[in-house]
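Asker: okay, predicted coordinates and the sequence, questions at the end:
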Protein chains: 2
Amino acid sequence: VSQPCAWVVTIGDELMRGEIVDSNKSFFSERLLRLDIETVRHVTVGDDPDAMAEVLREAAARARIVLVSGGLGPTRDDLTTEVVARTFGRGIYRDEAVLERMQAYFRSLGREMTPNNAKQAEFPEGAEILPNPLGTAPGFLLQVEQGPRPAQRAGGERSQGSLIFCTPGVPRELYRMVDEEILPRIEARLARPGIVRAALLRTFGLGESVLDSELADLARDNDAVTLGFRTQFPDNLVRVVARGSDRAQAERELRRVVDVIRARLGPLVVGEGERGLEEIVGELLLERKHTVAVAESCTGGLLASRLTDLPGSSGYLLEAAVVYSNQAKQRVLGVEPAVLDAHGAVSEPVVRQMAEGMRRKSGADFALATTGIAGPGGGSDDKPVGTLWVALASAERTQARRYQLMRDRARNKLLASQIGLEWLRRTLLGLELPDETFPRQRGVPR
Amino acid sequence: VSQPCAWVVTIGDELMRGEIVDSNKSFFSERLLRLDIETVRHVTVGDDPDAMAEVLREAAARARIVLVSGGLGPTRDDLTTEVVARTFGRGIYRDEAVLERMQAYFRSLGREMTPNNAKQAEFPEGAEILPNPLGTAPGFLLQVEQGPRPAQRAGGERSQGSLIFCTPGVPRELYRMVDEEILPRIEARLARPGIVRAALLRTFGLGESVLDSELADLARDNDAVTLGFRTQFPDNLVRVVARGSDRAQAERELRRVVDVIRARLGPLVVGEGERGLEEIVGELLLERKHTVAVAESCTGGLLASRLTDLPGSSGYLLEAAVVYSNQAKQRVLGVEPAVLDAHGAVSEPVVRQMAEGMRRKSGADFALATTGIAGPGGGSDDKPVGTLWVALASAERTQARRYQLMRDRARNKLLASQIGLEWLRRTLLGLELPDETFPRQRGVPR
């Protein structure tokens, strides 16, 4: 039994001019995969009503699910509502409730709504409105009769016609609308709901191809399981999709595979779901009521910035210092001039004194320090570009370790901040700190 | 006279599963725009020969230029050569020179070439081979007769048929092949080469729609000029494309329009090109040999992190402190407890003392301070979420100003750091600081 397939249509002159990379498409496809729905075509057209109509007609004739993004804004160029209505023979109506909410929103900002915004309260007749809590343009769902021809309909599909979901092009508005409004509606209307369960495992410390070869056997001989891999530098994500004849069976299969992966990878799995390492660590700190302070050289403030991305971070981050110069290391953190002279700023004694100095001064439970050579300049034979020292001071002890990174400056900074966060995560969970071969490009020790 | 248009076709199952974002498309379109060629459709399909054939047939019937990427590798899934040949009625031949180069390449790596690699030396009959200095799979150009129907052919086009360029999917191989092999061939075969010049202006402080309405007249009555707008939060970018009967005329027209835009927007244009505000400010600091220190509350380290994104930033950033707690504000920066009690941490007297304390302690020429309520919690009637105080202390004076932001936490942090960088830029250039209505959503004062 095959599942219905999807087309993804994105609209916008800016996409056609190559000014931005269209990440909405990959988001849509990845989310549909969670419901075991395959996307068979991505099409992008500019803000051109004829091209839009042609693609929409083709999409509805070929796919049961059509996800459209873009063209719902207030400007003259935003034509999606109008073109969808005309293409599928519908009139247009104005939704007064939506209009009122929009006016209230503008009032709350102390501004007057301009007349062109009223356009965003218009919908094709028969459309179901999809709320947009993050912006002014709601989305909508239009069920159209055209639908895939019988030959292209998948087995087990009862209802006819296609579901056309129109969403704003702004990624954060779109992402929330897909998760809260669109996926539940697709799941509810499909012939075979609840037989697919999916999980997302976030790993840090292994290359994508290594991860693939370590885990590929789990899906190779098992039709009930699909694995997908995606890089979100410096993390690698594993999507696990499990199928079953009912929800409970799919869920059991999913948990079984997730447990095998966790057993194989151990602490390299840093979390489940979309939350990044800064959120995972922030929540652990809040939960355990621990405080932290940071002394940064090569990460230049990025560690502190990531630790303050979570609301409520004032509950755990007491203080951070970015100390690039040797004078600042001495004055702010009490690093001894003799130690700086003898070992240089990128050295174990210095990173230890940075962490200990910051802990003493801030009174935090943990103090984390980084020093290194982010590049592209400043390297030597002894301390090449990519050299990184990390230290963590706690009441019991101070640990320090050297890593060798080897990327460009921007990625070295990000990777160094990620290693720092990973030190905190492992310390809070009582796990061993990653050794100096981290992050590993090949092979998991078994 | 309109130019011929292009379709971009990308091929690969991994693209359809949403595991990676397809950046090749935006690269193709952006490069074509430099030749004033508009891309009118992007299509992506999986490694499915029927879907590929259908899209290729459609593309050749509709566009003069078809850029295809993906499916040229050595595996069973790589079907582009075979499908292109079959779709356009060509046989397949093996190019012995290409095969030999490939064998030599593998020998130079000390490896034996596997038989499946020989597939990469096969091409549709009549194809012109496009060398790939960075990988094993060459590309090819096939000129096909099908071409756009006369009604869809642009004026001034002499030759008939379509140019189908097939390239590898690996971005760095593709990028080089486009610049070195494909664009020169397109330019040579088009009616009007070398007559387009383009510039990119980076603006900060105006909404996209305001920017559009402030500048739209420049292109409206002038066929020689096209403007494109793009948001790269919190900046808005204006792409200016100018045409002329020769390169010099196009260049003159471009400079004329850029000058008009700069005159209209004044300091809201922060730079030209892809460089972000952190790079613009970092280069100004290096150039003028000024030093800076930062005291951050609501920006949480992001200002320091952005200021250290540029190599050589140790030449201007002396020190930064992230002081979330009142105790840290007192201990690290010398903010007076009585002032904190009387006015609260988010207030003018406190932000001034933060900046002055940091300047005193660091010895920097300029010290920048931020304090505010990033949200989502912590707001009050007096100081709602989004309240931001910025101060800049120099040898001459300390200036402070309040702004009202109103976005989510992540964007408030980014916007606050951007306003801080903009204070530095304007101070270094001797410009007025942005007033409290900044960033402005509508209307430029004239």
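Answerer: That came through fine. Numbering: from 1, shown residues only, chains lettered A, B, ... in the order given.

Asker: grab the nearest non-local neighbour of the most centrally placed residue in chain A.
Answerer: Central residue of chain A (Cα atoms, centre = their mean): residue A:274, 5.4 Å from the mean position. Nearest residue to residue A:274, sequence neighbours excluded (Cβ to Cβ, 6 or more residues apart in numbering or on different chains): residue A:200, at 6.8 Å. Where you see a C-beta, it was placed from the backbone N, CA and C, and this is true even at glycine.

Asker: beta partners of the one you found?
Answerer: On the basis of DSSP bridges, residue A:200 is bridged to residue A:239.

Asker: which residues touch it?
Answerer: Residues in contact with residue A:200, defined by Cβ atoms under 8 Å, 6 or more residues apart in numbering or on different chains, are A:237-240, A:272-274.

Asker: how close does it sit to residue A:298?
Answerer: 31 Å (Cβ to Cβ, to the nearest Å).

Asker: just residue A:133 next, same as before
Answerer: On the measure of Cβ to Cβ, residue A:133 and residue A:298 end up 39 Å apart.

Asker: the helix or strand encompassing residue A:66 packs against which elements?
Answerer: Residue A:66 belongs to strand A:65-69 when assigned by DSSP states H and E. Applying 3 or more Cβ pairs under 8 Å, 6 or more residues apart in numbering or on different chains; DSSP states H and E, we find strand A:65-69 packed against strand A:5-11, helix A:24-34, helix A:49-62, strand A:162-167.

Asker: so which of these comes closest to chain B?
Answerer: Set against chain B and scored by Cβ to the nearest Cβ, the helices and strands packed on strand A:65-69 come closest in helix A:24-34, at 3.1 Å.

Asker: got the angle for the closest one vs strand A:5-11?
Answerer: 160 degrees (axes from the mean of the first three to the mean of the last three Cα atoms, to 10 degrees).

Asker: helix or strand next in line after the strand holding residue A:66, which one?
Answerer: Next element after strand A:65-69 (DSSP H and E): helix A:80-87.

Asker: how far off centre is that next one?
Answerer: Offset of helix A:80-87 from its chain centre (Cα atoms, centre = their mean, to the nearest Å): 32 Å.

Asker: repeat for stretch A:217-236
Answerer: The answer for stretch A:217-236 is 17 Å, by Cα atoms, centre = their mean.

Asker: gap between the two ends of that stretch?
Answerer: 18 Å (Cα to Cα, to the nearest Å).

Asker: burial count for residue A:435?
Answerer: 10 (other Cβ atoms under 10 Å in any protein chain shown).

Asker: and residue A:176, by the same measure?
Answerer: 16.

Asker: what do you get for the one 3 residues further on?
Answerer: Other residues near residue A:179 number 13, with proximity taken as other Cβ under 10 Å.

Asker: quick check: closest non-adjacent residue to it.
Answerer: Nearest to residue A:179 is residue A:31, by Cβ to Cβ, 6+ apart, at 7.3 Å.

Asker: make sure that neighbour is actually in contact with residue A:178.
Answerer: Yes - using Cβ atoms under 8 Å, residue A:31 is in contact with residue A:178, at 5.5 Å.
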